[in-house]
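**Q** Attaching a predicted model along with its sequence, questions to come.
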Amino acid sequence: MDQFYPQTGMNIVRVLERLGHSVDYPEAQTCCGQPAFNSGYWDEARAVAERQMTVFHDAEIVVIASGSCGAMLKVFYPELFQGHPRESEARALAAKTFEFSDFLVNRLGVLDVGARFSGRATFHDGCHGLRELGLKNPPRQLLQHVRGLELVEMQEAETCCGFGGTFAVKFPMISTAMGEVKCVSIAETGADYVISNDSSCLMQIRGVLDRQGKSVRTLHLAEVLAQT
Amino acid sequence: MTNREIILGRIREALKITAPHPAFHDGPVTAPPLPASPQKWLPPVGGTLEEQIELFRRNAEDLKAGFRECTNVNEAGQYVKTLALAGGWKKIGLHSGDWTDPVARELGLPEVRTDGGYAVNDLESCDAGLTECEALVAQTGSVLVSAPGAGGRALSVLPPHHVVLARRSQMVPDLTAALQRVQEKFKDKFPSFLSFISGPSRTGDIERILVLGAHGPKKLTILLLP
Amino acid sequence: MNAHAREFNEAARQQTADLGQRDWIQKALAGYYAKRDEFKNRFSNWQGARDTAAAVKWEAVNHLDRYLDEFASRLEARGAKVFWAPGAQEARDYIVGVARQHKVRAIIKSKSMTAEEIHLNDALEQAGFEVVESDLGEYIVQLRQEPPYHLVFPAMHLRRQQISDLFHDRLGSERTNNPEDLTMIARRVMRRKYCEADMGISGANFAIAETGMISITENEGNARLTTSLPKVHVAIVGIEKVLPRLSDLALFLPMLATAGAGQPITCYNTLYGGPRQPGEPDGPGEFHVVLLDNRRTELLADAEQRDALHCIRCGACLNVCPIFKNVGGHSYGTTYQGPIGSVITPHLRGLQDWKHLSQASSLCGACTETCPVKINLHHHLLHNRRNAIHARPARLEKLVQTGFVFMMRRPRLYEWGARVGRILQPLQRLVRGTILDPLRAWTKTRSFPPLAEKSFRELWRERKKP
Ligand code: SF4
């Protein structure tokens, strides 16, 4: 997000501030450690995670732009630190961490952020947001309240786009095949936009759509919600 | 050490560390007692016999089995006769029983009785198998048969048309009740064979397309007698 | 990379390039999804049923010694012979021994993945016995001399024309494109086999401790015939198949059918509690039950992944797995395909040889979500990855990961690295997709986003400036 899609972050800040919250971005943060964790390097992942735990120690709430990183902090940190001296700290961080749509809908109770966006869009469920965090409805509820936006469901909404972190480069043929299935399903809806709450899924989907020569645009949920 | 001891020893060694119990959705995390009946999760079944018969009828239909209520054994015999004519039956397999005997008399066809053993090829060349049963299960549309109660293992599966003669008192709401019934009936003398039959034999192994009569009967008819 | 991993990669490459086949598998499963959902919805509470099923299997597996002992004792009391097989070899030897002792001429077999696991057919054939698979799908793949494509749908990868050609070549039947006619061809062949066979081999879906019975689930009736007519019946049963009580079947039979095949209940659910008993008209004079360990106890010893032994082999996790759907069942090179295969094969056949299957996953979790007994499948893939690295780190990757940690613990260094990335980026554009491209694995088939001109933290800093 930081390096490839900085606008997503800025849009989240915009939405939150519009709702009257003050946002801080501790610059000492880097990565949640998921790449190492998923590759089996748990000791390494723990080292990176410890750093983030320190950085976010004093935050009241941590809002995360991507379901995947959200799952890392909320679901996997506690597992990673099981039996570790900092286990309770990991659990505390997990408890105060929210994925963006989760925060808006379940924590703040906000469905309508006052956004306006015209176009026909379909929503892609990032697997981590959907299955690890159980966030099937929140992003859809938010989008339903965006004026001018027509939301259509695709057949394979819950099917993985094939990104999967290092999987995408370790098994590019499988990853691409999965992306193709996804993008066919996206195109079938006739949508102008595909929206997701996970930047890495969007990177994969964009990558495949470009190669298929399809003009569907990819958008992060925050980009839509920030428009007025 | 015997193999039995070797394997049980490995198991006991492995189980020295306990595995976390899968948490119930809305309940305790430590091992709760197992429910005696899973009925509250399964598809609902009506409380009265009439509702259960209705449900059985619907399920049997979905399973592509024939189902018919008969007021007495004569009517059943007449009905089986129409089946025999339509199917061009030349020979039937059956076991002796309170219902099977009068129905077979009505048919008047050559018979292969399985009671005291039989030649496989004789039974294989029968056009239909006539049996009784242990229970009918409303929830699933299944017929429960046993070796002693349905003429053995093969009679209900080898001939191409299986006709079941059941009584109303054999209707039970669900699988739990059916299993309970045989447990009470046989106690420690369990038969070597019990089978829940749910519709005629079928396969979807070619292009996932349903074909009836894969190896067992193409047709199953269930007659409910008083 | 080891040979198994190389073979997997090669097979996956071929299969994913075969668009027609990918489409075929997708379509073949479409009907299943609709039916599965229909019958799941008939349950008063499917999630509650999953919880209960998981709890029942937990009870069984975590007291396996007690339940197995009870199961075996009760079976023996009714005259069955129980053989405890520590490994595949012992199981094969025993079954070949039974066949020899009875001087059998023909063996008929109903579907059993456990028999596949120990390559039982090969052993019997080498010992000079003819073995015929009676399940239609299994028979088809047996004639093709290939392993089953799927735990439950062994021949789902084939089109009717291929089956018609196969029957024509091997059985001399007329060519036909009608699935019913094809099924009847197999039915006729098999009828003769049932009547001739003097030994029947089956698997088991459940082993009931309380009453000492095995339960076999099937649709075709082939297992029933296999276990009715021959004079000897041998059932091969994995030790994890135990259920504590007879009444547990009331839950498991509908769940297995719904999750596995999109049916409310399968056509035949049969319990076998011994050889033919006094007063029974037919049935085998001898009933052998082979209880197979074959490294299941090693999986049992791993408390973290012990729930993988809860598996009832319904195949539901394969049906929803995007990896399975794109690479197909044969690419795995294992007895058990799909997510459950990727989880347990490293335990059954060696972690270092089979860890690539745990890596070949996007960890989407569709398997875990669908599993009727709630096995934590996709997290176990993570556990296998961790265990594999722990036992033997890959040198280059280890270096990369160490570098990653070093950088991610130092925000300044991270920022500096990103700047360098921005400078190097135009160079990557020149070589994009070629062998020189460091991002080739990605860019060969997908576009790669450019690094943003300014990172979020830079934008953030600018914004904060008054
Ligand atoms: S792991 Fe679960 S879903 Fe997969 S085959 Fe086993 S029981 Fe079925």
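**A** Received it, and whenever you're ready, just let me know what you need. Residues are numbered from 1 along each chain as shown, chains lettered A, B, ... in the order given.
**Q** Spell out which residues sit in contact with C:Phe324, please.
**A** Listed by C-beta atoms under 8 Å, 6 or more residues apart in numbering or on different chains, the contact set of C:Phe324 reads C:Leu318, C:Gln337, C:Gly338, C:Pro339. (Each C-beta comes from the backbone N, C-alpha and C, glycine too.)
**Q** Excluding residues flanking it in the chain, which one is nearest the last one?
**A** Right, the one you point to is C:Pro339. C:Cys367 (3.7 Å; C-beta to C-beta, 6 or more residues apart in numbering or on different chains).
**Q** same deal with B:Arg57?
**A** Counting by C-beta to C-beta, 6+ apart, B:Arg57 lies nearest to B:Phe67, which is 5.1 Å off, once chain neighbours are set aside.
**Q** do the same with C:Arg386
**A** A:Gly40 (4.6 Å).
**Q** can you tell me which helix or strand the one you found belongs to?
**A** Per DSSP states H and E: A:Gly40 is located in neither a helix nor a strand.
**Q** right, and it touches C:Arg385 too?
**A** Yes: under the criterion of C-beta atoms under 8 Å, A:Gly40 makes contact with C:Arg385 at 3.4 Å.
**Q** Of the two, which one has the most company?
**A** The residue with more neighbours, out of A:Gly40 and C:Arg385, is A:Gly40; 25 against 22, by other C-beta atoms under 10 Å in any protein chain shown.
**Q** State the three-state secondary structure for C:Asn269.
**A** strand (DSSP: H, G, I helix; E, B strand; the rest coil).
**Q** how many other residues sit next to it?
**A** 27.
**Q** Kindly report the same for C:Gln126.
**A** As a burial measure, C:Gln126 scores 11 neighbours (other C-beta under 10 Å).
**Q** same question, C:Lys464
**A** By the criterion of other C-beta under 10 Å, C:Lys464 has 9 neighbours.
**Q** Can you give me the distance of it to A:Val23?
**A** 11 Å (C-beta to C-beta, to the nearest Å).
**Q** again, but for B:Arg4
**A** For B:Arg4, the distance to A:Val23 - C-beta to C-beta - is 66 Å.
**Q** who's more crowded, those two?
**A** Higher neighbour count among B:Arg4 and A:Val23: B:Arg4, with 16 against 13, using other C-beta under 10 Å.
**Q** pLDDT below threshold where in the chain?
**A** Since you didn't name a chain, this refers to chain A. A:1-3 (pLDDT under 70).
**Q** my bad, chain C
**A** C:407, C:411, C:413-438, C:465-466.
**Q** Work out which residue lies at the spatial centre of it.
**A** When C-alpha atoms, centre = their mean is applied to chain C, the residue found nearest the centroid is C:Tyr336 (3.2 Å).
**Q** Now name the helix or strand holding it.
**A** Per DSSP H and E, there is no helix or strand for C:Tyr336.
**Q** Contacts only, for it.
**A** Counting by C-beta under 8 Å, 6+ apart, C:Tyr336 has contacts C:Met113, C:Glu117, C:Leu151, C:Arg313, C:Ile344, C:Thr345.
**Q** how far out from the middle of the chain is the helix or strand containing A:Ser175?
**A** Per DSSP H and E, A:Ser175 falls inside helix A:172-188. Chain-centre distance of helix A:172-188: 19 Å, with C-alpha atoms, centre = their mean, to the nearest Å.
**Q** Doesn't C:Glu220 lie inside a strand?
**A** No: counting by three-state DSSP, C:Glu220 falls outside a strand, being coil.
**Q** can you tell me how far it sits from chain A?
**A** 32 Å (C-beta to the nearest C-beta, to the nearest Å).
**Q** Quick check, C:Arg296 in contact with C:Ile239.
**A** Yes: between C:Arg296 and C:Ile239 there is a contact under C-beta under 8 Å: 5.5 Å.
**Q** quick one: which of the two has more around it?
**A** Using other C-beta under 10 Å as the criterion, C:Arg296 and C:Ile239 rank with C:Ile239 on top: 26 against 23.
**Q** show me what contacts that one?
**A** B:Ile7, B:Ile11, C:Leu64, C:Leu68, C:Leu291, C:Leu292, C:Asp293, C:Arg296, C:Thr297.
**Q** again with A:Ser185
**A** Going by C-beta under 8 Å, 6+ apart, A:Ser185 touches A:Met154, A:Gln155, A:Glu156, A:Ala157, A:Thr159.
**Q** which of those residues count as buried?
**A** A:Met154, A:Glu156, A:Ala157, A:Thr159 (16 or more other C-beta atoms under 10 Å in any protein chain shown).
**Q** May I see those residues organised as CSV, with distance to A:Glu79 added?
**A** As requested, those are exported to CSV (distance: C-beta to C-beta, whole Å):
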residue, distance to A:Glu79
A:Met154, 32
A:Glu156, 29
A:Ala157, 28
A:Thr159, 26
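**Q** Using JSON lines, lay out the residues you listed together with secondary structure.
**A** Below are the buried ones among the contacts of A:Ser185 laid out as JSON lines (three-state DSSP):
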{"residue": "A:Met154", "secondary structure": "coil"}
{"residue": "A:Glu156", "secondary structure": "coil"}
{"residue": "A:Ala157", "secondary structure": "coil"}
{"residue": "A:Thr159", "secondary structure": "coil"}
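**Q** thinking again about what came up before, in the helix holding A:Ser175, what counts as buried?
**A** Applying 16+ other C-beta under 10 Å to helix A:172-188 flags A:172-187 as buried.
**Q** which helices and strands sit right next to the next helix-or-strand element following it?
**A** Using DSSP H and E, the next helix or strand after helix A:172-188 towards the C-terminus is strand A:193-196. For strand A:193-196, the packing partners by 3 or more C-beta pairs under 8 Å, 6 or more residues apart in numbering or on different chains; DSSP states H and E come out as strand A:116-124, helix A:199-212, strand A:217-220, helix A:221-226.
**Q** what about 7 Å?
**A** Counting contacts by 3 or more C-beta pairs under 7 Å, 6 or more residues apart in numbering or on different chains; DSSP states H and E, strand A:193-196 packs against strand A:116-124, strand A:217-220, helix A:221-226.
**Q** Of these, which is nearest A:Arg107?
**A** Across the helices and strands packed on strand A:193-196, A:Arg107 has its closest neighbour in helix A:221-226 (15.2 Å, C-beta to C-beta).
**Q** Most tightly packed of the helices and strands packed on strand A:193-196?
**A** Burial of these is given as mean neighbour count (mean count of other C-beta atoms under 10 Å in any protein chain shown); helix A:221-226 ranks first at a mean of 25.
**Q** so, in contact with chain C or not, that one?
**A** No: Helix A:221-226 lies apart from chain C when judged by C-beta under 7 Å from any C-beta of the partner chain; the minimum separation is 11.9 Å.
**Q** and that helix, how far from the chain's centre?
**A** Worked out by C-alpha atoms, centre = their mean, helix A:221-226 lies 12 Å from the chain centre.
**Q** isn't there a helix covering A:Gln141?
**A** Yes: according to three-state DSSP, A:Gln141 belongs to a helix.
**Q** burial count for it?
**A** 15.
**Q** contacting residues for C:Asn177?
**A** Listed by C-beta atoms under 7 Å, 6 or more residues apart in numbering or on different chains, the contact set of C:Asn177 reads C:Arg160, C:Gln161, C:Ser164.
**Q** got it, and A:Gly179?
**A** A:Gly179 neighbours (C-beta under 7 Å, 6+ apart): A:Cys161, A:Gly162, A:Gln204, A:Ile205, A:Val208, C:Arg446.
**Q** Domain-wise, how is the chain divided?
**A** Just so you know, I chose chain A. Per automatic domain parsing, the structural domains of chain A span A:6-105, A:112-225.
**Q** Oops, wrong one, chain C.
**A** C:1-42+C:314-392, C:52-294, C:404-464.
**Q** Those domains: which one's closest to A:Pro35?
**A** Nearest of the domains of chain C to A:Pro35, taken as C-beta to C-beta: domain C:404-464 at 6.5 Å.
**Q** any idea what sits nearest the closest residue to chain A within chain B, other than its immediate chain neighbours?
**A** Going by C-beta to the nearest C-beta, chain A is nearest to B:Pro20 of chain B, at 10.9 Å. Closest residue in space to B:Pro20, ignoring its immediate chain neighbours: C:Ala303 at 7.8 Å, by C-beta to C-beta, 6+ apart.
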